[in-house]
Every structure is written in structure tokens, then in C-alpha cells.
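Undergrad: Here is a sequence together with a model predicted from it:
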Amino acid sequence: MKRIIFLSVFIFLLLSYSAFANVKGLKNDTLSGKYTPALTYNDSVRMIPAYALYRSWDTTSLEPYHFDVENMSDTEKVVLETDTSCCDFVQPYIGAITSNFGFRRYRYHYGIDIKLNKGDSVSAAFDGKVRFTQHNRSYGNVIIIRHNNGLETIYAHLSKILVHPNENVVAGEKIGLGGSTGHSTGNHLHFEIRYKGHPIDPTTIISFDNHSLLMDNLYITKNTFLYMRKRIYANKRYQPSNLSYIKRGNHHYYIVREGDTLYGISRKSHISVSELCNLNGMSRTTELRIGKRLLL
């Protein structure tokens, strides 16, 4: 009899702890920095923007996603609702665009630069939840927000960050102050729009002259990321001053340097991770040795 009572009490306490963990899951996640399985899938969908699309929530990594655009079907379309009747939009900062999306010197520029003064207010573009706020060597003080419509936006080179991870924000809410931190030659806002970690030219979505959206629905296809699959090599890239790249005959190689990752190399070289692995007979988990040549 005592044994039965003991088991009953043990089961009751176990069920009570599970229920408590489900309620406190997001709070624990705030402390650890990463989303944990404490919350159920339905709770995650309710509390995390676009969770059904991403299936993850990571507040410690700037680029946690490994979505391979090469595996997207040419006919597959992901509709991102940007209808202003259900999702407000506010231009993060109204100013002159000083640098566009695309090749800039010998590397790709994955966003646009908007001129501002130090201390100017920078606003959230859409409603959403702050996913990442840290100081980054390249981006400086940077904020990443995941939005209810499935997009993520990046705000970089800020002089001050005014929000925290897991904080809900609305379109037009002040999230930071303009500056010139990180790799920056002057005060400006570096603004990016991403889908599953891959940048999209903001000027194809937003009219920065009229400060409004160009469309109600954004259709994502493989061709959206066509720029990533094009082998564009600027002459400067292969000059001796850029020791990351060399040319041997008709082949181009990337020389692995300290701190390099496959994803980082794929972005800089405009080649997908899967293609990079196939060309070099390696897998995503292969150790990158400093000085190793990777065929591009």
C-alpha cells in the first residue's frame, strides 16, 4: 500500500514539474540564450514569430540557419504576407541611400546603407520579436528582429542598442541609435532583409523614395537568390593583396583562414555550401584546416 502511495505522489510531482517547465520555458530560454524544448510546438508557434517556418529560435548566433537554396524547387513558392492591413511597415530611417545591394569593390554587400547622424533614432521595420543583439566585429552594434511575416531584418553599426532578445516590438518602435561601430567608415545604418538567413535586396521590397512597401505579398522562389548562384569574380579579388583567393590555370581557389566557416566562405564566394562540399569532396562537418585550398 505504501509503495502505491509513494508511486502516486512521485507521478503527481513529475507531472506538476512538467507543466511548470512548459510555462517557464521561454523565461529559461531568455537566460540561456537559446530556445529549449520546454515549450510545446503550439506554444512556440504562438510565442515565436514564424516558428512554423523556421522551427528554431536562437538568440546567441547571428547566422544560425543552414537553409540550402539549391534544394528549393523552381516551382515552390513561399508567400510572405506584407499586407499593411495586417502587418504595419515603417521605414527604419528616412535618409539618402549611400550604398546599394550587390558587389562593392571585391566583396558582396548584402544590404543597403542609409546615411544618418550619430544618435539618430532607428526604428523596427515590421512587428516582431528581437532575436539577436550583440556587438559584432563587422556589423558593430547590431540588432536582428524576426517578424510575424517570416522575414528577418538587420540593423547594424548602431551607436547604442535599446532593445533586448525576446522583446516584442512594433513597426516604428525605436530600437537603437545610429552610429559607426564595427567595420564602418562613417555614420550610417546598414539595413538588411533576410529570409531563412539569406539576404534579399531591400529595394525590391521597399520604395525608399515613397517610404512604403512595393507589394502586399512577397513570393520566394529559387530565383530570388539567383545572385548567390552566379559566379561573379571581380578582378581585384584575385590580386596578390587579397590572400584569401588564388588562381591556378582556369580554376579559382579560396585559402582557408583562421575563423573561417563553410557558411561564411559560401557567402563571400557566392557559392552554396552544398556545391562547395561537392567540388571539394567534403561534408558539412569536415574540419577546415588553415591554409587548405578550396576549389570554387
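TA: Everything's here; your move. Numbers count the residues shown, from 1 in each chain.
Undergrad: any chance you could map the helices in the stretch 1-150 of the chain?
TA: Secondary structure of the stretch 1-150 of the chain (DSSP state H, counting those that start in this stretch): helices at 2-32, 41-47, 51-54.
Undergrad: average model confidence for the longest one?
TA: If I follow you right, that is helix 2-32. When pLDDT is averaged over helix 2-32, the result is 46.
Undergrad: quick one: terminal-to-terminal distance for stretch 185-203?
TA: Taking Cα to Cα, to the nearest Å as the measure, stretch 185-203 stretches 23 Å from start to finish.
Undergrad: And that stretch, what's buried?
TA: By 16 or more other Cβ atoms under 10 Å, the buried positions in stretch 185-203 come out as 187-202. C-betas here are computed from N, CA, C, even on glycine.
Undergrad: Identify the farthest-apart pair in those.
TA: Greatest spacing in the buried residues of stretch 185-203, by Cβ to Cβ: N187 and K196 (30.6 Å).
Undergrad: ok now do the closest residue to D113 other than its chain neighbours, which residues does it touch?
TA: In space, D113 comes closest to S99 once its chain neighbours are excluded; the distance is 3.9 Å by Cβ to Cβ, 6 or more residues apart in numbering. With contacts defined as Cβ atoms under 8 Å, 6 or more residues apart in numbering, S99 is in contact with H109, I112, D113, H188.
Undergrad: any idea how far the first one lies from I48?
TA: Counting by Cβ to Cβ, to the nearest Å, the gap from H109 to I48 is 30 Å.
Undergrad: which one of those two has more residues nearby?
TA: Higher neighbour count among H109 and I48: I48, with 21 against 16, using other Cβ atoms under 10 Å.
Undergrad: What helix or strand is R267 located in?
TA: helix 262-269 (DSSP states H and E).
Undergrad: what about that helix, average pLDDT?
TA: Mean predicted confidence for helix 262-269 is 81.
Undergrad: Mind listing residues that contact it?
TA: 63, 66, 107-108, 110, 244, 254, 256, 272-273, 276-277, 284, 288, 294, 296.
Undergrad: Swap in 6 Å and give it another go.
TA: Under the contact criterion Cβ atoms under 6 Å, 6 or more residues apart in numbering, helix 262-269 has outside partners Y254, S272, V273, L276, L296.
Undergrad: Could I get the buried residue list for stretch 168-180?
TA: Neighbour-count burial for stretch 168-180 flags V169, A171, G172, E173, I175, G176, L177, G178, G179, S180 (criterion: 16+ other Cβ under 10 Å).
Undergrad: got a list of what the fifth one touches?
TA: Applying Cβ under 6 Å, 6+ apart, we find I175 in contact with A124, I143, L162, V163.
Undergrad: Check the secondary structure at it for me.
TA: strand (DSSP: H, G, I helix; E, B strand; the rest coil).
Undergrad: The nearest residue to it once chain neighbours are set aside: neighbour count?
TA: Residue nearest to I175 in three dimensions, not counting chain neighbours: V163, with 4.8 Å by Cβ to Cβ, 6+ apart. A count of nearby residues for V163, using other Cβ under 10 Å, gives 19.
Undergrad: Let's see the pLDDT reported for V163.
TA: 97.
Undergrad: hmm, which helix or strand of this protein has the shakiest average pLDDT?
TA: helix 2-32 (a mean of 46; mean pLDDT, DSSP states H and E).
Undergrad: The residue nearest to L276 when sequence neighbours are not counted and L62: what is the separation?
TA: Spatial nearest neighbour of L276, chain neighbours left out: S266 (5.5 Å); criterion: Cβ to Cβ, 6+ apart. Distance, S266 to L62, using Cβ to Cβ: 15 Å.
Undergrad: Of those two, which one has the most company?
TA: For S266 versus L62, neighbours defined as other Cβ under 10 Å are more numerous around S266 (21 against 15).
Undergrad: Against T185, how distant is the more buried one?
TA: 26 Å.
Undergrad: from memory W57 sits against M47, does it?
TA: No: in this structure W57 lies outside contact range of M47 using Cβ atoms under 6 Å: 9.0 Å.
Undergrad: For the two, indicate the residue with more neighbours.
TA: W57 (23 against 17).
Undergrad: Next, name the residue at the spatial heart of this protein.
TA: The geometric centre of the chain, computed from its C-alpha atoms, lies nearest to G197 (Cα atoms, centre = their mean), at 4.1 Å.
Undergrad: Let me know whether that one touches Y65 as I believe.
TA: Yes: counting by Cβ under 6 Å, G197 does reach Y65; the two are 3.3 Å apart.
Undergrad: Just the helices from the stretch 151-296 of the chain, written as ranges.
TA: Using DSSP H, counting those that start in this stretch, helices in the stretch 151-296 of the chain cover 226-229, 262-269, 273-280.
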